[in-house]
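Participant: fold the following, please.
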Amino acid sequence: VLLLAHSGGDHDGERLPDDLTPVAVVTLEDTVRSDAHEILQFFKSQGVEIKVISGDNPATVAAVAQRAGVPNSEFGTDARSLPDSDDQPEAFSEAIASTAVFGRVTPHQKRAMVGALQSRGHVVAMTGDGVNDVLALKDADIGIAMGSGSSASRSVAQLVLLDGSFSTLPSVVGEGRRVIANIERVANLFVVKTVYAFLLAVLVGIFSTPFPFVPRHLTLVGTLTIGAPAFFIALAPTAERARTGFVPRVMRFAVPVGALAAAATYLSYELAITEEVTLIEARTTATLVLFAIGLFALVINARPLTTPRKWLIGSMVALFLLAFFLTSGRTFFELDLPRAVVLLAGVGIVGLSGSLMYGSLRGLGVFQQVPDLLRNPNLTKGAWSAVRVGVDRLRDRARKIGQPMDPADLPEAPPRQPEPPPRERRPN
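Facilitator: Below is the predicted model of the structure:
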């Protein structure tokens with residue numbers, strides 16, 4: 001705040017005249033963008049912890065952070081009073097983790113702050129526009145520079161906001177999630193096919209029977225349950241958070257589903273042969289069973305079933321039925337329906353396999369939630385109430401396997417420690 005005053009007397013060096021008359025008050029302040037609060041709330045809802053580090057006065061930084069809506073920004077910490085990051089790394093890391101706003105931060109301290117957060121298992125994104133941010137931008141997992149910033153900061157950052165607007169970051173996060181989540185969905189479908197194709201080849205080799213498909217059958221099933229759906233699923237938006245463990249999750253889905261598909265297909269194929277149907281009819285039975293199980297796996301993998309995805313799955317079913325109802329389709333794909341008893345047996349095998357598949361995935365979801373239930377038993381209303389509440393929680397969370405993660409489903413954060421009293425600030 002700057003006060004402008006007028007005096008009719010003479011000015012004597014740095015000594016102010018006695019007859020000052022106030023004329024105007026000039027306020028100098030940083031302008032907070034109108035969308036800042038909304039963007040910060042978005043990241044807060046996604047479980048992102050926000051920290052502000054600046055070279056300005058801590059009180060000024062804290063005031064601006066509060067206006068922008070940064071959580072826990074009631075006071076700022078003078079970085080000059082922090083423990084040394086080299087001599088006391090644990091104390092330095094604890095101070096960084098427990099505080100949200102820092103002022104008087106040097107470039108080397110910014111770099112040390114990024115390293116301290118990474119040492120505690122955090123994925124750190126750093127934004128900056130000046131030369132003093134270069135070290136931290138370079139070490140951060142995600143370096144974000146402003147388009148109007150220095151060339152040095154832009155050269156070391158992974159992402160440059162050309163218009164300098166943070167409003168683009170939510171869409172950047174959404175695009176990254178879409179790519180990562182949809183790669184996993186597509187991988188599930190293709191690895192399932194790899195598993196059942198390998199196991200069918202093994203079974204055919206062990207029992208010395210003709211292969212249950214001709215290439216045209218596999219083309220029909222693969223196109224309608226994997227190829228065409230995967231193309232559209234890969235382009236669909238998603239809000240699912242990126243998580244570690246990509247390969248284990250894909251294998252936990254693909255191996256049991258692929259093994260079940262191979263077992264059910266070969267069982268129906270052998271059953272058809274024992275009923276003394278023709279080889280084409282036996283292969284048609286195997287094709288029907290494999291398509292049904294593949295479609296079931298597609299439905300599970302495509303959840304949540306939005307309207308476009310329902311139309312996608314319905315169109316795949318319609319195209320498969322069209323191949324059967326059209327004479328030209330049956331001729332081209334070498335399809336011939338067997339007797340009713342064989343078809344009914346195939347339907348039973350599909351129903352049993354689908355039940356096992358769904359039950360195993362639900363069971364996996366329950367098993368994954370048991371540790372959380374044991375950590376939070378909720379015994380305030382008695383043991384029986386705790387059991388009922390726990391079972392309801394397990395069912396609800398197991399039902400959401402494969403669906404986008406909602407922030408409400410994230411584990412509750414541990415209670416925040418009481419804020420330390422403001423450190424004594426040194427005179428600036």
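Participant: drop to CA atoms for contacts and neighbour counts, all remaining ones
Facilitator: OK.
Participant: wait, a helix at residue 10?
Facilitator: No - with DSSP: H, G, I helix; E, B strand; the rest coil as the criterion, residue 10 is coil rather than part of a helix.
Participant: report pLDDT for it.
Facilitator: Here, the pLDDT recorded for residue 10 equals 76.
Participant: so residue 24 sits in a strand?
Facilitator: Yes - applying three-state DSSP, one finds residue 24 inside a strand.
Participant: give the contact list for it.
Facilitator: Residue 24 makes contacts with 3, 4, 5, as judged by Cα atoms under 8 Å, 6 or more residues apart in numbering.
Participant: skipping its backbone neighbours, what lies nearest the second one in space?
Facilitator: By that I understand residue 4. residue 24 (5.1 Å; Cα to Cα, 6 or more residues apart in numbering).
Participant: can you tell me how far the one you found is from residue 1?
Facilitator: Per Cα to Cα, to the nearest Å, residue 24 is found 11 Å from residue 1.
Participant: with residue 256 instead?
Facilitator: 69 Å.
Participant: CA atoms only for stretch 330-349, dumped as PDB, please.
Facilitator: Taking C-alpha atoms only, stretch 330-349 is exported to PDB below (Å, rounded to 0.1, in the frame of the first residue of the first chain):
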ATOM      1  CA  ARG A 330     -23.100 -68.800 -43.300                       C
ATOM      2  CA  THR A 331     -21.500 -70.000 -46.500                       C
ATOM      3  CA  PHE A 332     -18.500 -67.600 -46.300                       C
ATOM      4  CA  PHE A 333     -17.700 -68.200 -42.600                       C
ATOM      5  CA  GLU A 334     -18.500 -72.000 -42.900                       C
ATOM      6  CA  LEU A 335     -21.200 -72.000 -40.200                       C
ATOM      7  CA  ASP A 336     -23.800 -74.700 -39.800                       C
ATOM      8  CA  LEU A 337     -26.000 -74.900 -36.700                       C
ATOM      9  CA  PRO A 338     -26.000 -78.200 -34.900                       C
ATOM     10  CA  ARG A 339     -28.900 -80.000 -33.300                       C
ATOM     11  CA  ALA A 340     -30.900 -78.300 -30.500                       C
ATOM     12  CA  VAL A 341     -29.400 -80.600 -27.800                       C
ATOM     13  CA  VAL A 342     -25.900 -79.500 -28.700                       C
ATOM     14  CA  LEU A 343     -27.000 -75.800 -28.800                       C
ATOM     15  CA  LEU A 344     -28.600 -76.100 -25.400                       C
ATOM     16  CA  ALA A 345     -25.400 -77.700 -24.000                       C
ATOM     17  CA  GLY A 346     -23.400 -74.800 -25.400                       C
ATOM     18  CA  VAL A 347     -25.800 -72.300 -23.800                       C
ATOM     19  CA  GLY A 348     -25.300 -74.100 -20.400                       C
ATOM     20  CA  ILE A 349     -21.600 -74.100 -20.700                       C
END
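Participant: contact partners of that stretch?
Facilitator: Contacts to stretch 330-349, defined as Cα under 8 Å, 6+ apart, come from residues 216-217, 220, 264, 268, 271-272, 275, 277, 280-285, 288-289, 323-324.
Participant: distance of residue 110 relative to residue 55?
Facilitator: Distance from residue 110 to residue 55, by Cα to Cα: 10 Å.
Participant: report the buried members of the contacts of stretch 330-349.
Facilitator: 217, 220, 264, 268, 271-272, 277, 280-285, 288-289, 323-324 (16 or more other Cα atoms under 10 Å).
Participant: so which of those belong to strands?
Facilitator: Judged by DSSP state E, strands contain none of these.
Participant: wait, residue 108 touches residue 135, no?
Facilitator: Yes - in this structure, residue 108 is within contact of residue 135 by Cα atoms under 8 Å, at 7.2 Å.
Participant: these two: which has the busier surroundings?
Facilitator: residue 135 (18 against 14; other Cα atoms under 10 Å).
Participant: contacts only, for that one.
Facilitator: Counted by Cα under 8 Å, 6+ apart, residue 135 has contacts 107, 108, 110, 111.
Participant: what about 7 Å?
Facilitator: Contact analysis of residue 135 by Cα atoms under 7 Å, 6 or more residues apart in numbering lists 107, 111.
Participant: any idea how far residue 127 is from it?
Facilitator: Here residue 135 is placed at a distance of 12 Å from residue 127 (Cα to Cα).
Participant: what about residue 59, neighbour count?
Facilitator: So residue 59, with other Cα under 10 Å, has 18 neighbours.
Participant: tell me the confidence at it?
Facilitator: 89.
Participant: give me the buried subset of the contacts of residue 24.
Facilitator: For those, buried by 16+ other Cα under 10 Å: none.
Participant: let me have those residues in a markdown table, adding pLDDT, distance to residue 39 and secondary structure as columns.
Facilitator: Compiled in a markdown table, the contacts of residue 24 are given as follows (pLDDT from 0 to 100; distance: Cα to Cα, whole Å; DSSP: H, G, I helix; E, B strand; the rest coil):
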| residue | pLDDT | distance to residue 39 | secondary structure |
| --- | --- | --- | --- |
| 3 | 87 | 35 | strand |
| 4 | 89 | 38 | strand |
| 5 | 88 | 41 | strand |
